[in-house]
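A.B. asks: no sequence for this one, just the structure:
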Ligand code: GDP
């Protein structure tokens, strides 16, 4: 990863990122403040209010609320100074790591939010590991500094040790809890003072010329100032200075301290993302690496969401543009089906509202409404055959059979399940023998989410039950061999939503036996998305 001075400004000024956090660390609050500063909404709190309005329409969100998890991911775009920020929301719960992983394939940076009193929590670590797999640059925001927080060095040490990444302080907190005054902005030599009275007010910022500037003493009580100076001196000795190259390659994270709810520290964080990047990065395809400034438009689908608006039974495919300058109405090649697609009503997600996108550049996320043609991993190009790599499909680890208590609704249930399979929310298997479906997921909570969505979006009450199978393997090989195998093993065979053959069993022994006795067949735990 690196920043390139030669990119056209439209691309160079794009920042596409996701926020990763343990539940409750302040991701939602920080998102609201980003949007507030981005001028996308008038008043913080509206994201939540809008979210709630939506929830009443689509009640599966209620589960989200009850459990404090975020099930649906979306993308939001807003302008900040010369920058266009694209914030891709990640689902927060560990059960949705598959979705999260895919989301992180569409961004260039992750903002890691940690709670100043709690430090690195279990979910922070998991999400961080996913970022690490992709060497994503990470910006850290230590939140809730208005409350009693841990010692600053302790927090930094914990991150360094737990996550094996160097941490460089971009700001330094002055006092904590009730005594928290604000931060010293190390990168810009400024004093940032928090205003507790007005949560939506941007903090007062005072320019300082070094730590000996007498202005400091006008704003910071003597004792705190002495401590600040001492700590900053220690920090300079003990902690690495910010190194942009190391940040871009993912081995160093700058940390800002603040309080999202008090709108404090957020602007400095945003300035940091703007100033240090990264810009839209090259994307890998099987054939070659695609550079953002290439003229032809290319992009890939990293997420499909259905029923975003229950009034329209549409799906929206979220596309990360890898290169080019996209304009509404363009005809793009849908590489998987080799068919042209006129992209006449693409959507940009401006704040919480959807808006028609007239144009978009490499790095942007656009939504393309469709009726199921676009699937996760699909590439769109101006004619070139490209397969973007790096979007994984995870092995379903838990299988359950699903039944509707109303047998008249079997067809409807099938439709609902197929849709979730296309969204990538679950793997769905239709056994060759018997009726009903088997659903495979990565985390147990997904069954509950699915049951809830099927009931709310399709009006079908369903039950998930233990299945006789526990493992699924996709079958491939010469067509006649696969057919012969299928015909003699019907009780184990099912089809996924693409009609591909899947071998189901509850015994590893079975899988070993098939592998041994049928060397011409390939059994795989995951299916390539492309
Ligand atoms: P999420 O689960 O990560 O999205 O977290 P939320 O943004 O919903 O915040 C969780 C809780 O922490 C909410 O009650 C927030 O009001 C609160 N919170 C968020 N930021 C701050 C902060 O800076 N200071 C304090 N004291 N509370 C905060």
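C.D. replies: In hand now; what should we look at? In this text the structure is predicted, and so the values were computed from the model without any measurement.

A.B. asks: switch to C-alpha atoms for all contacts and neighbour counts from now on
C.D. replies: Noted.

A.B. asks: Next one: the residue lying farthest from the centre of the chain from the ligand, what distance?
C.D. replies: The outermost residue of the chain relative to its centre, with distances by CA atoms, centre = their mean, is residue 214 at 44.7 Å. Distance, residue 214 to the ligand, by CA to the nearest ligand atom, to the nearest Å: 29 Å.

A.B. asks: where's that residue relative to residue 257, distance?
C.D. replies: To residue 257, residue 214 is 24 Å away according to CA to CA, to the nearest Å.

A.B. asks: Next: residue 154.
C.D. replies: Going from residue 154 to residue 257 by CA to CA gives 13 Å.

A.B. asks: what's the answer for residue 366, then?
C.D. replies: 32 Å.

A.B. asks: about what we covered before: mind checking which of residue 154 and residue 257 has more residues around it?
C.D. replies: Neighbour comparison, residue 154 and residue 257: the larger count goes to residue 257, with 31 against 11 (by other CA atoms under 10 Å).

A.B. asks: How about the contacts made by the more buried one?
C.D. replies: 141, 142, 143, 145, 171, 172, 173, 183, 265 (CA atoms under 8 Å, 6 or more residues apart in numbering).

A.B. asks: export the residues you listed to a markdown table and tack on secondary structure?
C.D. replies: Compiled in a markdown table, the contacts of residue 257 are given as follows (DSSP: H, G, I helix; E, B strand; the rest coil):
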| residue | secondary structure |
| --- | --- |
| 141 | strand |
| 142 | strand |
| 143 | strand |
| 145 | coil |
| 171 | strand |
| 172 | strand |
| 173 | strand |
| 183 | strand |
| 265 | coil |
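
A.B. asks: Pick out whichever of those sits closest to the ligand.
C.D. replies: Distance to the ligand, by CA to the nearest ligand atom, is smallest for residue 143 among the contacts of residue 257, at 5.3 Å.

A.B. asks: In contact with that closest one, which residues?
C.D. replies: 25, 26, 113, 114, 115, 116, 257, 258, 259, 260.

A.B. asks: And for residue 240?
C.D. replies: Residue 240 neighbours (CA under 8 Å, 6+ apart): 166, 167, 168.

A.B. asks: Residue 16 reaches residue 88, doesn't it?
C.D. replies: Yes. With contact defined as CA atoms under 8 Å, residue 16 counts as touching residue 88 (7.4 Å).

A.B. asks: Pull the distance from the helix or strand harbouring residue 452 to the chain's centre.
C.D. replies: Assessed by DSSP states H and E, residue 452 sits inside helix 445-458. Here the centre of helix 445-458 is set off from its chain's centre by 21 Å, with CA atoms, centre = their mean, to the nearest Å.

A.B. asks: what pairs with the closest residue to the ligand within the stretch 251-400 of the chain across the strands?
C.D. replies: In the stretch 251-400 of the chain, the residue that lies nearest the ligand is residue 259 (3.3 Å; CA to the nearest ligand atom). Counting by DSSP bridges, residue 259 is bridged to residue 264.

A.B. asks: Can you give me the neighbour number for it?
C.D. replies: Neighbours of residue 259 (other CA under 10 Å): 24.

A.B. asks: Can you give me the pLDDT of it?
C.D. replies: Looking at residue 259, its pLDDT is 95.

A.B. asks: thought it was touching residue 265?
C.D. replies: Yes. With contact defined as CA under 8 Å, residue 259 counts as touching residue 265 (6.4 Å).

A.B. asks: in stretch 209-221, what counts as buried?
C.D. replies: By 16 or more other CA atoms under 10 Å, the buried positions in stretch 209-221 come out as 211, 216, 220.

A.B. asks: Can you list phi and psi of the nearest residue to the first one once chain neighbours are set aside for me?
C.D. replies: With CA to CA, 6 or more residues apart in numbering as the measure, residue 229 is the residue that lies nearest to residue 211, at 7.1 Å, once sequence neighbours are left out. Backbone dihedrals for residue 229, given as degrees, to the nearest 10, come out at phi -60, psi -40.

A.B. asks: I figured residue 229 hits residue 212, correct?
C.D. replies: No. At 9.2 Å, residue 229 and residue 212 do not qualify as touching, with contact defined as CA under 8 Å.

A.B. asks: Tell me how far residue 85 lies from the ligand.
C.D. replies: The gap separating residue 85 from the ligand is 19 Å, by CA to the nearest ligand atom.

A.B. asks: What helices and strands are in contact with the strand or helix carrying that residue?
C.D. replies: Using DSSP H and E, residue 85 maps to strand 83-88. When contacts are defined as 3 or more CA pairs under 8 Å, 6 or more residues apart in numbering; DSSP states H and E, strand 83-88 sits against strand 14-21, strand 75-80.

A.B. asks: tell me the phi and psi of the closest residue to residue 462 other than its chain neighbours?
C.D. replies: In space, and not counting its chain neighbours, residue 462 is closest to residue 404: 4.3 Å by CA to CA, 6+ apart. The phi/psi pair for residue 404 (degrees, to the nearest 10) reads phi -100, psi 140.

A.B. asks: likewise residue 328?
C.D. replies: Main-chain dihedrals, residue 328, degrees, to the nearest 10: phi -60, psi 140.
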